[in-house]
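Prediction below, plus the sequence it came from.
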Amino acid sequence: MRTYILRRVALAIPTIFALTIIVFLMVRLLPGDVVDAMSAGEVAIDPARKEAMLKRLGLAEPLHIQYINWLGEIASGDLGYSLRSPLPLRKDFLSALPITFELGLMAAFFACIIGIPLGVLAAVKRNSPVDNLARLIGTVGLAVPSFYLATLVLLFTSTILHWVPGLFWKSPLEDPIGNLQQMFLPSLVLSFGLMAITVRMTRATMQEVLTQDYVRTAHAKGLKTNPILVRHALRNALIPVITIIGVQLGYLLSGSVIIEQIFGLPGIGWFFLQGLLQRDYPAVQLMALFMVVLFIILNLVTDIIYAYVDPRIRFHGAD
Amino acid sequence: MHTSTRASASTAPISQPQPPSRLGAFGKGLARSVRTNPTGALGAVIVVLLVITALFAETIAPYSPTRQGAPRLLPPSPEHLMGTDRLGRDIFSRVVFGTRVSLYVGFVAVTIALIIGSIIGIVSGYWSGITDSLLMRFMDMLLAFPGLVLALLIAGLLGQGLTNTMIAVGIVAIPVYARVTRASVLEIVNRDYILAARAMGAGDRHTISRHVLPNILVPLIVLVTVSLSTAVLAESSLSFLGLGVVPPNPSWGGMLADGRTTLEIAPWQAIFAGAAIFVTVLAFNFLGDGLRDLLDPRMRGVGT
């Protein structure tokens, strides 16, 4: 097990390094530079002034020096400097991080707490109304775009409940109730796609497990139905479900770019998109790199958990 | 194409006294798949309707999608089935023309991914070794990005517009095609019929085009259908976020974003544009699942 984990981590490190180069180069290729964007109001910017601005922003250096400087800034903890403010990006990043994490964790929580029981009930009572509901969520959840769902939810809350999303993010430490009120809808909307996958997976694996011999044996021993369902069936059925949720957690990052934008939550995805729209390279590359690294780590952890649960993988499926 | 085969299947018994057995079998097969897989059939019907809408948008739409003549923000009425937007354009006409944009971007993006991805997959599956490792490592790099993040980066890099959106959406889908193709090639490359072809002196090009390609088509067909829904969704997400299809072109994602500015006083634009995306994605999902069950049950769970 230890060898397996070490090998997987060792493989992830060069990948992350290569990705810093890819992200860096992609962002450099963005057309137009920030000086053009900053001087958009002026008819023609004096070339000498432009040169000075580029120099001040560190954009006059050759690419490989810029890249090394960037790695240095990340290592030093400043995380680079936004082209739009003199402050290090650390401040934006640290304020964005808890928002995205809270959003993602709450979404995963909703997906599990609604998706797993619904999937189990649907598998136990096939073709019942519960099963139909599960199938409906499993189908609609995969097809409805999150921004559409969010729009419909906001339409409902603003016209019927007269509630609109707040302008400022409330920290859970300072205002726990206000924070939950604010984060409830965005994370519920974000969770819908993952919930659909969870319901589908739980229902399918549970149906399969319920036909297994050991479940029949447990029935024959005279055990009550509920303990059988929880202790014998659900435990085994959850293994693939957990794997899928683990892999899909990374995809919540994609969703959070959209959800943060709609609900006005200044998280990682929000800064990423704003940076992209404003050609603020350092912000874009920092947020993109963070999302990529988090995505890799999530996949790695999922693989390790899976290998822990299923010993066959440790010996064969390393690639 | 779909419609023409169907039309000839239904008229065949009238024009010819003896129904041709192949068409009859096709009809029977069709009837059976409708019975056993109603959602797949529903998906197919909706997809055909969407394609017709996209092809004949000029005939179907009552107004030009960019004409600003009507009063602004009218609610749905017989003259304007889905109302008008804040510039006085007919929303129904824009949704109809949006079908064309959506499907066009989807088809081209999927074609890009299919061609490049399957070439990469065949190359790395057929000639394993260092090429294979390098190509697959590169695909892993692309897969290390959350899909929308990569699409946004590429779209930001290339700039807005129809073509760039297609490229961005297409590139994101390449690694999936490469992996599925490679896995399928690896599965058959050591089969007896491939070895026999090689033993008889067939060159690589002949072996690939005559023996490998036909045998990996089924998983690719299923993947194309499934990834069309992903592509439509990706295009509308990019356009919604302002990095996709440019405004005068009617894109459902852009219309939904635009409709959000007048959501409380005139919600219909957002509602109808979003519903169009939802129905299209749902239809491709249904069709993809149906085709998968029909053609290749092993593929369950791939590509979503």
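On my side now, so go ahead. Quick caveat, the model's predicted, so the values are computed rather than measured.

all contacts plus neighbour counts: C-alpha atoms, from now on.
OK.

Residues of chain A that sit close to chain B?
For chain A, the residues in contact with chain B (CA under 8 Å from any CA of the partner chain) are A:15, A:18-19, A:26-27, A:29-31, A:139-140, A:142-145, A:147-148, A:151-152, A:155, A:158-159, A:250-251, A:253-255, A:258, A:276-277, A:288, A:291-292, A:295-296.

Let's see which of those residues end up in helices.
A:15, A:18-19, A:26-27, A:139-140, A:142-143, A:147-148, A:151-152, A:155, A:158-159, A:250-251, A:253-255, A:258, A:276-277, A:288, A:291-292, A:295-296 (DSSP state H).

Just the buried ones from these?
Buried members of those, scored by 16 or more other CA atoms under 10 Å in any protein chain shown, are A:15, A:19, A:26-27, A:139-140, A:142-143, A:147-148, A:151-152, A:155, A:250-251, A:253-255, A:258, A:276, A:288, A:291-292, A:295-296.

okay, the residue lying closest to residue A:163 once chain neighbours are set aside: pLDDT?
Nearest non-adjacent residue to residue A:163, counting by CA to CA, 6 or more residues apart in numbering or on different chains: residue A:157, 5.3 Å away. pLDDT recorded at residue A:157 is 89.

Surely residue A:157 and residue A:164 touch.
Yes. Using CA atoms under 8 Å, residue A:157 is in contact with residue A:164, at 7.0 Å.

Just the mean pLDDT for stretch B:126-133, thanks.
What stretch B:126-133 shows for mean pLDDT is 88.

buried residues in that stretch?
For stretch B:126-133, the neighbour count (16+ other CA under 10 Å) marks B:126, B:132 as buried.

same check, this time on stretch B:40-53
B:40-48, B:50-51, B:53.

cool, and stretch A:224-242?
So for stretch A:224-242, counting by 16+ other CA under 10 Å, buried means A:228-229, A:232-234, A:237-239, A:241-242.

Turn those residues into JSON lines, columns for distance to residue A:305, secondary structure and pLDDT.
Shown next, in JSON lines, are those (distance: CA to CA, whole Å; DSSP: H, G, I helix; E, B strand; the rest coil; pLDDT from 0 to 100):
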{"residue": "A:228", "distance to residue A:305": "25", "secondary structure": "helix", "pLDDT": "80"}
{"residue": "A:229", "distance to residue A:305": "23", "secondary structure": "helix", "pLDDT": "80"}
{"residue": "A:232", "distance to residue A:305": "20", "secondary structure": "helix", "pLDDT": "77"}
{"residue": "A:233", "distance to residue A:305": "20", "secondary structure": "helix", "pLDDT": "83"}
{"residue": "A:234", "distance to residue A:305": "17", "secondary structure": "helix", "pLDDT": "84"}
{"residue": "A:237", "distance to residue A:305": "15", "secondary structure": "helix", "pLDDT": "83"}
{"residue": "A:238", "distance to residue A:305": "12", "secondary structure": "helix", "pLDDT": "84"}
{"residue": "A:239", "distance to residue A:305": "9", "secondary structure": "helix", "pLDDT": "80"}
{"residue": "A:241", "distance to residue A:305": "12", "secondary structure": "helix", "pLDDT": "86"}
{"residue": "A:242", "distance to residue A:305": "9", "secondary structure": "helix", "pLDDT": "81"}
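
Residue numbers of the stretch 101-250 of chain B in contact with chain A?
By the rule CA under 8 Å from any CA, the part of the stretch 101-250 of chain B lying against chain A is B:141, B:144-149, B:153-154, B:156-159, B:233, B:237, B:241.

Nearest to chain A, out of the residues you listed: which one, please.
Within those, distances to chain A taken as CA to the nearest CA reach their minimum at residue B:157, with 4.3 Å.

Kindly state the pLDDT recorded for the closest one?
With respect to pLDDT, residue B:157 scores 83.

now the one 5 residues further on
At residue B:162, the model reports a pLDDT of 92.

now swap in residue A:176 and tell me
Residue-level pLDDT assigned to residue A:176 equals 85.

do residue B:107 as well
97.

Repeat that for residue B:16.
Looking at residue B:16, its pLDDT stands at 46.

Ok, residue B:115 next?
97.

and it, how far is that from residue B:224?
11 Å (CA to CA, to the nearest Å).

Settle it for me: which of the two has more neighbours?
Between residue B:115 and residue B:224, residue B:224 has the larger neighbour count (other CA atoms under 10 Å in any protein chain shown), namely 22 against 14.

from the chain's centre, how far out does stretch B:155-174 sit?
Centre-to-centre, stretch B:155-174 and its host chain are 15 Å apart (CA atoms, centre = their mean, to the nearest Å).

what comes up buried for that stretch?
Residues of stretch B:155-174 classed as buried by neighbour count (16+ other CA under 10 Å): B:155-174.

hmm, who's touching it?
Contacts to stretch B:155-174, defined as CA atoms under 8 Å, 6 or more residues apart in numbering or on different chains, come from residues A:26-27, A:29-31, A:276-277, B:105-106, B:108-114, B:116-117, B:142, B:147, B:150-152, B:154, B:227, B:231, B:234-235, B:238, B:242-246.

now do stretch B:238-252
The contact list for stretch B:238-252 (CA under 8 Å, 6+ apart) reads A:258, B:65-66, B:94-95, B:97-99, B:101-102, B:151-152, B:155-156, B:159-162, B:164-165, B:235-237, B:253-257, B:273-274, B:276-277.

buried set for the helix or strand where residue A:115 lies?
Using DSSP states H and E, the element containing residue A:115 is helix A:90-124. Residues A:90, A:92-93, A:95-97, A:99-100, A:102-112, A:114-124 are the ones in helix A:90-124 that count as buried (16+ other CA under 10 Å).
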